[in-house]
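Q: next one to model:
(2 chains)
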Amino acid sequence: MMILNRSVIPIPAKDLLFNLPEIKFLKLGNGIDISFVRKEKLPIVYSEIIVFSGSRFDPSDKKGLGYLTSLLMDEGAGEFDALQLSEEFEKLGSVFSVSTDHDTTIFSILSLTENFERSLELVSKVVLKPRFDEKDFQREKKKVLDRILQLKDEPSFIASSAFERRVFGDSYYGFPEIGFAESVAKVSNDDVKDFFARTFTSSNAKIVSVGNLEEIEIVKLFNKYFYDWTSSSDNYQRFETPGRKKTSYYFIHKADSAQSEIRVGHIAQKRNANDFIPTRIMNTILGGQFSSRINSNLREKRGFTYGANSSFSYYKEAGLFEISTAVNIENTGEAIIEILKELNGIRDHITDEEINFARSYLIKQFPSRFETLNQIAKNLESLLIHSLPTDELLNYTNKVKSITNEEVRVSAINNVLPDELVVVTVGDREKVYMQLKQIPGAEPIELDLHGNLLT
Amino acid sequence: MAKNLLKINYEKYSLPNGLQVILYPDISIPAVAVNLWYRVGSANERNGKTGFAHLFEHMMFQGSQNVPKEGHFKFIQEAGGSLNGSTGFDRTNYFETVPANYIELALWLESDRMGFMLPGLNQEKLDNQKDVVMNERRQRYENQPYGLAWEKLFSNLFSPEHPYSWPTIGWMDNIAKFELDDVKKFFKKYYSPSNASLVIGGNFDRDNAKELVEKYFGEIKGADAFPEIETPLQSLNESKKIIYEDNVQLPRIYLAWHTVKAFHEQDAVLDLLSDILTSSKNSRLHKSLVFEKQIAQDISSFQYSGKLDGSFIIASTAKPGITLEKIKDEIIKVIEELISDGITENELIKAKNNIKSSYIFSLQKIDLISDHINHYNFYLNEPDSFLFDLSRYEQVTCEQIIDAAQKFLTKPNVELNIIPKAMR
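A: As a prediction, this is how the structure comes out:
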């Protein structure tokens, strides 16, 4: 018998061919765009109605209005009150949800194909005919206010929202979607109805559908239930780009914290920037996956944390570069110093080997982004939200292949800006303040729980 | 239609060293899932040494004789794959999903740490992962509101010597004290082919997979069998109440009762009971406490069952100004009403539909299917149990639900109150 030489890493015999599922770009009779992918393996369908309405449309004294509106949409619609409506979905075993962020409110439905039409009919009632009954409004508003109270207990939420407040300033991305106790208290049911009438319109909507139905059937069903959706004039809300600021260190006191939550980063380019792909390759090396520099350093080398990562995420009008981690209290200062080192380091040098690894990672994992209906839909959704060209997904792999190593290095210089950082720490003042103070150049500034300067 | 979908065509066999192998080919997808279960979890630990099965899982990613530290992640990620592991009371699993042409890489990596983990071990790696795990404990439990509830609950529901009485992550002072020798002993006792089952699911050639399994796992030696954990089912003679102060704004109550093991005939009944109580807006407890009376911010319930024992848990957060007494009284009242007045056929059908749909939805991911096959193999010794599992739910009657509520939820319980620090 041959003795196996285990020190040799197995090499795959041949490259795998992957065919992107065919994406159909269709239109309803009333002009709404539908992106559709047919997937036949299982008898299920997933659909999303994306409405370009979210907290960016909140009036400045009523932050949280969009969020509360989204919660109320499925609390009774058409002929059904809140309990009856829920009952109708429950009978079908369909999974319906409404989610919202700054830019969009998304109605999603996953159902068996045999129950799809009835599910879609119910969704159309939610989207077109929400009832906004006063008693439901009072109940849900109270629930939001109590949820806001509970968020005081969540260091991770406090850190992220204060970080975005400092990065985005007074622009609409600088405030949490859920709003604040004072601002939600001011919201009336009439505000909700008005918000709905202004922004939940067909001219503000797009549809994504994936699953086991024919194209013709999908168009027919959506036409049947969404044809009467009223349109509206444009109500674009301009994004006020915050000014550039030099690196600042902030902290929020949270007594008895078991760890320090840390966020570091700054505003970034939009999703449709020319160097999106080189930036993605660069971030894969910096902090975009387990073997990245930041996680290897903070977790696998120093044991400061259970995990640390960096990401570029994209709102419609701006990007966000963010390093996120939670560390042992004693290591708070050191952890931030190591993060700063990594940010300078990625601008300073990236090896060909690292780039080859990241390129291989991004190209070969691409097919796995199309396994479930939900995953496929999320890919289509991002094309729609960021107005990307329809061949973006088709060309993705070739683009990743064709980026030069130099372009990756340049993207680090252009997109990682160690002199313009917002650094936020949430932890126990007594234990973290001196550590922050010892970071070269740091003058720690205390914030309240909302990320406002304490004066 | 649904019935055919849930029939899994698999092949199961064992290597001479005892490794169970289950092949589930599906060429309609471009990936292969490799999923390995070891029959060891935190239930195999003892007091003073808690958290070790989980810490050991971390050490399995620290390299082996032919794989450097961080190599496991790096090789799989470079191939475009995903990977992880998890530890429970009864078992530890490791899994990677890779593009189909990388099947051999995944098998090489899993076999190297199954057979040759110890040569890659050193003190520095252990110290590092102890720090990581202590930070995991802080991040996931200690620094989360209500984060310590489960360990408070289980350590009171089960007697101190029962292996479900300590948390899988372990007690902090235990984690700090582990030594290299602990790692070596644990590995030799539990990490052998005779204590593991390997599922390969997805796009692969059956004969080729068998050759590869033989090539990489065939030479690894089996270990001596170790005795099964024997522990009598637990019960409470009287109810217990525990109050714990935490960094929370709103108080939360947890009620826990002893029930039955996983796959016991009443296990599925209790799952459905949980659905009927809290899974939707119309569910009994949600409708009463959250929707109508608005005394609770949220409410949830679970039948949480393992190989040795099970429990039914209800958790609910009080609205500001509402006492936990009031929440508890209302919960008990709703349960009593359910027992005395029964449930409707409609409620049962909705709960069953919900479960049926979620089964079909879950068939979208080859890593989940593969893990489920191992789950069934572990608990039932039959990988193709999707249909059986679903039928457990389909056969349940309204009377069985009421009987289960009567039998378990009227017994003594453990009540945990998590209250704001300021409130005392």
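Q: check contacts around A:Phe357.
A: A:Ile285, A:Ser291, B:Lys74, B:Gln77, B:Glu78 (C-beta atoms under 8 Å, 6 or more residues apart in numbering or on different chains). Just so you know, the C-beta spots here come from the backbone N, C-alpha and C atoms, and that holds for glycine as well.
Q: show me what residue 95 bridges to in the sheet.
A: No chain was given, so I picked chain A. A:Leu110 (DSSP bridges).
Q: ah, no, chain B please
A: Under the criterion used here (DSSP bridges), B:Phe95 is bridged to B:Asn35, B:Asn84.
Q: returning to that earlier point: just send the contacts of A:Phe357 back as a markdown table, with pLDDT and neighbour count too.
A: Putting those into a markdown table (pLDDT from 0 to 100; neighbours: other C-beta atoms under 10 Å in any protein chain shown) gives the following:
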| residue | pLDDT | neighbour count |
| --- | --- | --- |
| A:Ile285 | 98 | 23 |
| A:Ser291 | 96 | 23 |
| B:Lys74 | 96 | 18 |
| B:Gln77 | 97 | 24 |
| B:Glu78 | 96 | 19 |
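Q: tell me the one among these nearest to B:Cys398.
A: Nearest to B:Cys398 among the contacts of A:Phe357: B:Gln77, at 50.2 Å, using C-beta to C-beta.
Q: which SS state does that closest one fall under?
A: Classification of B:Gln77 by DSSP: H, G, I helix; E, B strand; the rest coil places it in helix.
Q: which stretches of the chain form strands?
A: Defaulting to chain A. Assignment of strands within chain A using DSSP state E yields the ranges A:24-27, A:33-38, A:44-51, A:95-100, A:105-112, A:205-211, A:248-253, A:260-268, A:305-314, A:319-327, A:422-427, A:445-447.
Q: that's the other chain; I wanted chain B
A: B:11-14, B:20-25, B:31-38, B:82-87, B:92-99, B:196-202, B:240-246, B:252-258, B:296-305, B:310-318, B:414-420.
Q: how far away from the center of its chain is the first one?
A: Pointing back at strand B:11-14 there. 25 Å (C-alpha atoms, centre = their mean, to the nearest Å).
Q: that one pairs with which strands, and in what direction?
A: Assessed with DSSP bridges, strand B:11-14 is paired to strand B:20-25 (antiparallel).
Q: got the contact list for the residue nearest in space to the middle of chain B?
A: Nearest to the mean C-alpha position of chain B, by C-alpha atoms, centre = their mean, lies B:Gly88 at 5.1 Å. Applying C-beta under 8 Å, 6+ apart, one finds that B:Gly88 lies in contact with B:Gly41, B:Ser42, B:Thr168, B:Gly306.
Q: want to throw the strands of chain B into a markdown table with mean neighbour count?
A: Formatted as a markdown table, the strands of chain B follow (neighbours: other C-beta atoms under 10 Å in any protein chain shown):
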| stretch | mean neighbour count |
| --- | --- |
| strand B:11-14 | 13 |
| strand B:20-25 | 20 |
| strand B:31-38 | 26 |
| strand B:82-87 | 18 |
| strand B:92-99 | 25 |
| strand B:196-202 | 26 |
| strand B:240-246 | 15 |
| strand B:252-258 | 23 |
| strand B:296-305 | 21 |
| strand B:310-318 | 24 |
| strand B:414-420 | 21 |
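Q: mean pLDDT for the ones you listed - can I get that in a markdown table?
A: Output for these, formatted as a markdown table (pLDDT from 0 to 100):
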| stretch | mean pLDDT |
| --- | --- |
| strand B:11-14 | 98 |
| strand B:20-25 | 98 |
| strand B:31-38 | 98 |
| strand B:82-87 | 98 |
| strand B:92-99 | 98 |
| strand B:196-202 | 98 |
| strand B:240-246 | 97 |
| strand B:252-258 | 98 |
| strand B:296-305 | 98 |
| strand B:310-318 | 98 |
| strand B:414-420 | 98 |
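Q: so can I have a markdown table of the ones you listed showing distance to B:Ala225?
A: Shown next, in a markdown table, are these (distance: least, C-beta to C-beta, whole Å):
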| stretch | distance to B:Ala225 |
| --- | --- |
| strand B:11-14 | 14 |
| strand B:20-25 | 14 |
| strand B:31-38 | 14 |
| strand B:82-87 | 21 |
| strand B:92-99 | 18 |
| strand B:196-202 | 13 |
| strand B:240-246 | 37 |
| strand B:252-258 | 30 |
| strand B:296-305 | 25 |
| strand B:310-318 | 26 |
| strand B:414-420 | 35 |
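Q: I'd like to know which of those is closest to A:Leu320.
A: strand B:82-87 (24.4 Å).
Q: just checking, what packs against the closest one?
A: Secondary-structure packing of strand B:82-87 (3 or more C-beta pairs under 8 Å, 6 or more residues apart in numbering or on different chains; DSSP states H and E): helix B:52-59, helix B:71-78, strand B:92-99.
Q: need the CA coordinates for the second one. CSV is fine.
A: The C-alpha atoms that make up helix B:71-78 are tabulated as CSV, following Å, rounded to 0.1, in the frame of the first residue of the first chain:
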residue,chain,number,x,y,z
GLY,B,71,-4.2,27.4,7.8
HIS,B,72,-7.6,25.7,8.0
PHE,B,73,-9.5,29.0,7.5
LYS,B,74,-7.0,30.2,4.9
PHE,B,75,-7.1,27.2,2.6
ILE,B,76,-10.9,26.9,2.7
GLN,B,77,-11.4,30.6,2.1
GLU,B,78,-8.9,30.8,-0.7
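Q: and it, what does it pack onto?
A: helix A:352-365, strand B:82-87, helix B:103-115.
Q: between the longest one and helix B:71-78, how big is the angle?
A: Using axes from the mean of the first three to the mean of the last three C-alpha atoms, to 10 degrees, the interaxial angle of helix A:352-365 with respect to helix B:71-78 works out to 60 degrees.
Q: so how far is helix A:352-365 off the chain centroid?
A: 24 Å.
Q: likewise for stretch B:342-354?
A: In terms of C-alpha atoms, centre = their mean, the centre of stretch B:342-354 is found 26 Å from the chain centre.
Q: residues touching it, excluding its own?
A: A:87, A:90-93, B:272, B:275-276, B:279-280, B:282, B:393-394, B:396-398, B:401-402.
Q: average pLDDT for it, rounded please.
A: Averaged across stretch B:342-354, pLDDT comes to 95.
Q: pull out the buried positions in it.
A: Buried residues in stretch B:342-354, counted by 16 or more other C-beta atoms under 10 Å in any protein chain shown: B:Ile343, B:Glu347, B:Leu348, B:Lys350, B:Ala351, B:Lys352, B:Asn353, B:Asn354.
Q: nearest to chain A among these?
A: Proximity of the buried residues of stretch B:342-354 to chain A, judged by C-beta to the nearest C-beta, is greatest for B:Asn353, which lies at 3.7 Å.
Q: hang on, the earlier thing: turn the contacts of B:Gly88 into JSON lines, including pLDDT and neighbour count.
A: Shown next, in JSON lines, are these (pLDDT from 0 to 100; neighbours: other C-beta under 10 Å):
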{"residue": "B:Gly41", "pLDDT": "98", "neighbour count": "24"}
{"residue": "B:Ser42", "pLDDT": "98", "neighbour count": "23"}
{"residue": "B:Thr168", "pLDDT": "97", "neighbour count": "22"}
{"residue": "B:Gly306", "pLDDT": "97", "neighbour count": "18"}
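Q: now do the same contact list for residue 206.
A: This is for chain A. A:Ile32, A:Asp33, A:Ile34, A:Ser35, A:Ile49, A:Ile50, A:Phe52, A:Leu384.
Q: let's do chain B instead
A: Going by C-beta under 8 Å, 6+ apart, B:Arg206 touches B:Glu11, B:Leu23, B:Pro25.
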